[in-house]
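Participant: Task: produce atomic coordinates for the following.
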Amino acid sequence: MKKKLSDDGYIVEMNRRLQEHPQYAGGMEFLPHPPGAAGESILGIAWAGIVFHQAYREVLESMERDFEVEYPRRRF
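Facilitator: Residues are numbered from 1 along each chain as shown. Next up, the predicted model:
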């Protein structure tokens, strides 16, 4: 069973794993919303720093394997 994280917690964990990755380079970071995106929940992931780096893919794969995002219920 996958552990559930809030959308904020998911980004924090992704960046923690990225910084611990052996190929991490300064300036690499996952961003909660792609530039220009709007909204209250994660609709996509963007990254800063080295654009096409293996570390990003490996961290994303490990996150998908280990966690799922638990979105708050919207009030109408």
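Participant: All the helices of this structure, in order from the start?
Facilitator: Assigned by DSSP state H, the helices in the chain fall at 7-20, 54-66.
Participant: most tightly surrounded among these?
Facilitator: Most buried of those, by mean neighbour count (mean count of other C-beta atoms under 10 Å): helix 7-20, with a mean of 16. C-beta here means a position set from N, CA and C on the backbone, and glycine is covered the same way.
Participant: related to what we said a few turns ago, pipe the helices of the chain into a markdown table and attach distance to residue 28 and mean pLDDT per row.
Facilitator: Output for the helices of the chain, formatted as a markdown table (distance: least, C-beta to C-beta, whole Å; pLDDT from 0 to 100):
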| stretch | distance to residue 28 | mean pLDDT |
| --- | --- | --- |
| helix 7-20 | 6 | 92 |
| helix 54-66 | 7 | 92 |
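Participant: Go through those and name the closest to residue 47.
Facilitator: Between residue 47 and the helices of the chain, the tightest spacing by C-beta to C-beta is seen for helix 54-66, at 5.4 Å.
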